[in-house]
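# Give the three-dimensional model of this entry:
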Amino acid sequence: MGPAALLSLPGVLLGLCLGDGLWPSRPVVLQAGPEVRASGARPLSLGLLEEEEAEDLAALGSESLRNLLELEPECRQLLAAFADGSVELTGCLVRSARPVRLCQNCYPYFRELNERLENITRAAGNTSDSSKCAKSLLMSDRLQIVVLLSKFFNDTWEKANCANCLKNNSEGLSNSTVKFLALFNASLTCFEHNLQEQEDSLLVSNYTQVCKNCSVTYKNLNDLYKRMQESRQKHDAEEQSHLCIDVEDAMNITRRLWSRTFNCSVPFSDTVSVVAVSSFILFLPVIFYLSSFLHSKQKKRILILPKRIQSTASLVNIQEKCH
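Predicted structure coming up:
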């Protein structure tokens with residue numbers, strides 16, 4: 001190779017680098033960079049970063065997300081306590097539905113359930129955990145099942161007027177209620193005892209023995225119920241004047257047995273007053289019409305008598321003139 005060829009060699013190499021080489025496949029290699037980027041390839045540093053984020057997200061989904069959906073241990077305990085109290089109160093209400101003994105049997109469960117609800121609603125020490133439990137259990141969804149159940153139990157308790165048979169703090173039955181229930185049980189015992197004795201005789205349909213021996217007990221029960229009813233109507237508003245459902249149902253049962261089943265009359269002292277008042281009312285129209293009739297007849301006699309006298313006197317005068 002001559003000196004001229006050696007001098008032109010750098011120019012040839014420069015031309016190859018600028019794309020003017022002798023091999024046609026060379027430009028394809030040089031233009032491959034944009035085509036690779038268009039196919040979705042990313043820089044190596046960005047790919048490593050996204051892989052790390054995906055691993056962190058996977059770890060968050062397996063542990064932290066589940067923890068976010070689950071309740072705190074303290075809130076879970078409060079919810080479980082309210083659920084147990086709801087089951088106990090519901091079972092007591094259903095078992096005491098007939099005969100009605102809701103108030104006397106279920107007031108401990110109702111009071112305990114209210115205390116458990118207060119544990120959820122109140123903020124003990126104004127801590128964030130307690131307020132978090134109240135929000136998540138009472139206000140976290142549209143249904144609000146805890147609030148809904150609590151409202152159902154309160155409405156049932158108010159409709160039954162159970163507060164009218166309990167003490168102020170619902171610690172137990174009031175004294176009048178205890179006395180009434182004792183007389184009610186005594187009346188039922190008297191009915192059963194006399195019916196059992198009467199089954200030995202042939203006159204099973206005749207309940208005179210029951211009416212005779214149980215009249216005092218029934219009268220005491222009925223008088224106490226009237227006093228309790230009058231006292232409630234005197235001190236409370238009209239919508240709260242009813243006695244509790246236990247007392248009302250017990251009195252209705254006793255009255256149906258006394259009047260319809262046994263066909264017993266009211267006690268003698270009440271019968272006399274009822275008969276006297278009824279007789280007086282029945283005889284009022286008779287007395288009125290009788291007095292009216294006598295008064296009008298007497299007045300008619302007074303008016304007619306002078307006319308007869310005048311006609312007789314005129315007739316005498318006419319006869320004297322004729323003579």
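# who touches the host helix or strand of Gln196?
Element membership of Gln196 [criterion: DSSP states H and E] is helix 175-198. Residues lying outside helix 175-198 but in contact with it, judged by CB atoms under 8 Å, 6 or more residues apart in numbering, are 104, 165-166, 173, 204, 206-207, 209-210, 213-214, 217-218, 220-221, 224-225, 228, 244, 246-247, 250-251, 254, 257, 262. (C-beta placed from N, C-alpha, C; glycine too.)
# pretty sure Tyr109 is touching Glu88, no?
Yes: taking CB atoms under 8 Å as the contact criterion, Tyr109 and Glu88 are neighbours in contact, 4.9 Å apart.
# higher neighbour count, those two?
It is Tyr109, of Tyr109 and Glu88, that has more neighbours when counted by other CB atoms under 10 Å, with 19 against 16.
# Could you find the closest non-adjacent residue to that one?
Counting by CB to CB, 6 or more residues apart in numbering, Tyr109 lies nearest to Leu89, which is 4.2 Å off, once chain neighbours are set aside.
# What of Asn213?
What sits nearest to Asn213 in space, not counting adjacent residues and going by CB to CB, 6+ apart, is Asn194, at 5.3 Å.
# For stretch 167-180, which residues meet the burial criterion?
For stretch 167-180, a neighbour-count test (16 or more other CB atoms under 10 Å) marks 170, 173-174, 176-177, 180 as buried.
# Identify the farthest-apart pair in these.
Ser170 and Phe180 (17.9 Å; CB to CB).
# Distance check, Asn114 against Ile120.
Distance, Asn114 to Ile120, by CB to CB, to the nearest Å: 11 Å.
# Between the two, point out the one with more neighbours.
Neighbours per residue (other CB under 10 Å) separate Asn114 from Ile120, with Ile120 holding more: 20 against 17.
# Now do the more buried one against Ser150, distance only.
The gap separating Ile120 from Ser150 is 9 Å, by CB to CB.
# same deal with Ser176?
Here Ser176 is placed at a distance of 29 Å from Ser150 (CB to CB).
# Take the buried residues of stretch 167-180 and write them to TSV, including pLDDT and distance to Ser140.
Formatted as TSV, the entries for the buried residues of stretch 167-180 read as follows, by pLDDT from 0 to 100; distance: CB to CB, whole Å:
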residue	pLDDT	distance to Ser140
Ser170	82	30
Leu173	95	39
Ser174	94	40
Ser176	94	45
Thr177	96	41
Phe180	97	46
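# Adding distance to Leu79, write those residues out as CSV.
Conversion of the buried residues of stretch 167-180 to CSV gives the following (distance: CB to CB, whole Å):
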residue, distance to Leu79
Ser170, 24
Leu173, 31
Ser174, 34
Ser176, 39
Thr177, 34
Phe180, 39
